[in-house]
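Trainee: One predicted model, sequence on top.
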Amino acid sequence: MTDTNEAAEARPKARSAVTTREQQWQVYKNIDLMAIPLIVLLFAGIFSFHFALTVGDWDYWVDWRDRRWWPLVTPLSLLVLPAVFGYLLWTKLRLPLAASVALLSFALAAWVSRVMNFEIFAGFPLNMVSPSTFIGLGLILDCTLMLTRSFFVTGLFGAFFFAVLIYPINWPLMAPFRVPVEYNGTLVTVADLMGYEYVRTAIPEYVRIIEQSTLRTFGEAVTPLTAVFAGFLAILMYYFWTWVGALASRAVWIKRIF
Amino acid sequence: MKKYLVAFILLIQAAAIPDLAFAHGERAQQAGLRMRTVHWFDTAVSTTKLNVNDTVVVSGSFVPSVNWPEHMAGPDGTAFLNIGVPGPTFVRVDSRVNGMPMIRSTRFYKGQTYQYSITLKARTPGRYHVHPVLSVKDTGPVIGPGFWVEVGGSQADFQNTVKTMTGETIDLETYGMGNIAFWSLLWFAVGLVWFIYWLTKCPIIIPRYRRVAELGDKADDIITPTDKKVAATLLAVTLSLIGFGYFWAQDEYPITTPLQTGIVHLPEIDVSADREVDVTVADARYRIPGRSFELTLDVNNRSGKDVKLGNLTVANVRFVDPSVIDIKPADSHDLVASGGLRVEGGPIKAGESARIKVFAEDALWETYRLTSLIYDPDSRFGAMLYFYADDGARDYVEVGGSMLPVFM
Ligand SMILES: [Cu+2]
């Protein structure tokens, strides 16, 4: 019986608590305090899962990030959630945060996963399995949206450079692993050598998809050509997923949440 | 917050667990497949006890089966000589087939003999069952015989240095990590600046939502000049950092090459001296109640010596006649049925042909689930026969064909 009494007393108090403007503000702050960590967690979770399914090994291992597929597959996969949530956060709240917060949460998640699963559990040296960095790409997308306030222009420039710059932004992390080594008379990179030495029985050498394609005639220009190609695809991807975000925000059930 | 952290870690755990768990697949695959894929022999480890930083060599020979199942991709497509150890508990410092370094993938032709050696350097202390493995593209791992190897010492002592072509000596365990940490943290910090800038405006969810809804088409009015300035500054910082990082790395590591891959072609070795016995199968039956495999064989001995059948190997299980050759199991899990082989019809004389009857009987049929052959969709067997002359010379020949079960 005491329970209901207490509850009955608490209720009018709670109602009176939001009567002043200051208290109202406090309630809003509490909502932020609850919601923002949840959003970060949600982003980290969804993003990690989505990335594992679409890019997976291409980004897990230092000897998988080739010049043709990694810079193509990765940005196209990374764009999905920033575009969908970008639409929601911008049209509903005018917050240009979706891409940067999604990629920040993802970076955090990726580091936890690589350290826990790959280094501690599976025993690989961390330098072989450490994540790439994408946060700067998220900033490009968000800041462009803020400055232009247009999804069209953000797609045209933001998404394009999001994809084009994925290789340069990671080059300081990758370059040391592309230094050549002579190994038993074979030319390999440090990354190839690590992939060979640190045994992954379930991932034999031929599983890697290294620059597989029919057109190798471009020679050294493979990286810039892939980048530009990825850039144009990224523009389309961005528009498509922003449109999906628009559809989602029109859905009734989403309206109820916001 | 603790709850968040636990939920967070669980989420991520679920998202990415490296696909490395290498089960002891010795018995997992269909019996017919294990019998008809790769015949491993002379498998040996140079030592069974070693310390961190010491090396162990796994060596031997194998013959891809000429009875390789039609419905499976063969080793003459793309294959890789692999090693079955639990993750990077060892580093593979060298692996060769017929003397050729096997850092890349290759093709192995059915019926040919390949000699391999794999040199492993111990990295993590523990006791491991080490198997040679042939990874075949679109088929999977074909597992060779396993040996227990015990590693002592401490992983903290492990070192793995290599000299690059630019003349630097590097330790692969830690190489480049400072670089990765620096750039990852830097980007993290830049990203946080943007996030925190918006967080300082908290509460940002409900008030902004209401305001945006109120303003309707003029919702952009909510954006302050400071917002734009911060965005412009951060965009400039981001682009310059990307440019700076790229040129810094170009300057620091001017010589780089793309990732290397491709197929290596193997030299053949001459084993004709070991293959001077021909065998045709006249009859093959498996008697289920007696766990007895019975073969009737027509043997043609082209060599200059009298030979006797001493060893019949099926799916890495060796059935041995101790009166011909003495093979003892190397450890508790070595699959040797000493005395499991009985042959009727004496030695095959030099240059002559003879019919012999072979019985392979042992509980290992059951233990290694080879009896399940009768449940396979393609009830065929494959086996390697080893004939010995008195002076120890050995000939080997593969037999295969359909096998009939005998139920009573
Ligand atoms: Cu084993």
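Mentor: Perfect, thanks for sending it.
Trainee: What segments of the stretch 101-250 of chain B are helices?
Mentor: B:177-199, B:206-215, B:225-252 (DSSP state H, counting those that start in this stretch).
Trainee: ugh, wrong one, I meant chain A
Mentor: Counting by DSSP state H, the segments of chain A that form helices are A:2-17, A:21-54, A:57-60, A:70-78, A:80-93, A:98-113, A:126-129, A:135-148, A:151-153, A:160-164, A:166-174, A:190-197, A:222-250, A:252-257.
Trainee: What are the contacting residues of the third one?
Mentor: Put plainly, it is helix A:57-60. Helix A:57-60 has contacts (Cβ atoms under 8 Å, 6 or more residues apart in numbering or on different chains) with A:51, A:64-65, A:69-70, A:73-74, A:114, A:118, A:129, A:131-132, A:203, A:207-209, B:16, B:18. Where you see a C-beta, it was placed from the backbone N, CA and C, and this is true even at glycine.
Trainee: before we move on, the earlier item: out of the helices of chain A, which comes closest to B:Gly345?
Mentor: Taking Cβ to Cβ, helix A:190-197 is the member of those nearest to B:Gly345, at 49.3 Å.
Trainee: what packs against the closest one?
Mentor: helix A:126-129, strand A:180-183, strand B:90-97 (3 or more Cβ pairs under 8 Å, 6 or more residues apart in numbering or on different chains; DSSP states H and E).
Trainee: Break chain B down into its structural domains.
Mentor: Domain ranges of chain B: B:18-166, B:177-252, B:277-406, per automatic domain parsing.
Trainee: Could I get those in JSON lines, plus columns for distance to A:Ala109, mean neighbour count and mean pLDDT?
Mentor: Shown next, in JSON lines, are these (distance: least, Cβ to Cβ, whole Å; neighbours: other Cβ atoms under 10 Å in any protein chain shown; pLDDT from 0 to 100):
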{"stretch": "domain B:18-166", "distance to A:Ala109": "15", "mean neighbour count": "19", "mean pLDDT": "89"}
{"stretch": "domain B:177-252", "distance to A:Ala109": "13", "mean neighbour count": "15", "mean pLDDT": "92"}
{"stretch": "domain B:277-406", "distance to A:Ala109": "40", "mean neighbour count": "17", "mean pLDDT": "87"}
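Trainee: ok, A:Pro224 to chain B distance?
Mentor: Taking Cβ to the nearest Cβ, to the nearest Å as the measure, A:Pro224 falls 12 Å from chain B.
Trainee: number of nearby residues for that residue?
Mentor: 13 (other Cβ atoms under 10 Å in any protein chain shown).
Trainee: Repeat that for the one 5 residues further on.
Mentor: As a burial measure, the neighbour count of A:Phe229 was computed by other Cβ under 10 Å and equals 15.
Trainee: Between the two ends of stretch B:61-76, how far is it?
Mentor: 17 Å (Cα to Cα, to the nearest Å).
Trainee: Next: stretch B:51-59.
Mentor: End-to-end distance (Cα to Cα), stretch B:51-59: 19 Å.
Trainee: Check stretch A:85-101 too.
Mentor: 10 Å.
Trainee: distance between it and the chain's centre?
Mentor: Centroid separation between stretch A:85-101 and its chain, computed with Cα atoms, centre = their mean, to the nearest Å, is 15 Å.
Trainee: ok, and what's touching it?
Mentor: For stretch A:85-101, the external contacting residues (Cβ under 8 Å, 6+ apart) are A:39-40, A:43, A:81-82, A:102, A:135, A:137-139, A:141-143, A:145-146, A:151, A:162, A:242, A:245-246, A:248-249, A:254, A:258, B:191, B:194-195, B:198, B:204-205, B:208-209, B:212, B:219-220, B:222-223, B:231.
Trainee: List the buried residues of that stretch.
Mentor: A:85-90, A:92-101 (16 or more other Cβ atoms under 10 Å in any protein chain shown).
Trainee: now, the most widely separated pair of those?
Mentor: Counting by Cβ to Cβ, the most remote pair of the buried residues of stretch A:85-101 is A:Lys92 and A:Ser100, 17.3 Å apart.
Trainee: For the nearest residue to A:Asp66 once chain neighbours are set aside, grab the count of nearby residues.
Mentor: The shortest distance from A:Asp66 to any non-neighbouring residue, by Cβ to Cβ, 6 or more residues apart in numbering or on different chains, is to A:Ile210 (4.5 Å). Neighbour count for A:Ile210, taken as other Cβ under 10 Å: 20.
Trainee: if I look at the residue most central in space within chain A, how far off is B:Phe195?
Mentor: For chain A, A:Leu103 is the residue whose C-alpha lies nearest the centre (Cα atoms, centre = their mean; 4.1 Å). Applying Cβ to Cβ, to the nearest Å, the value for A:Leu103 to B:Phe195 is 10 Å.
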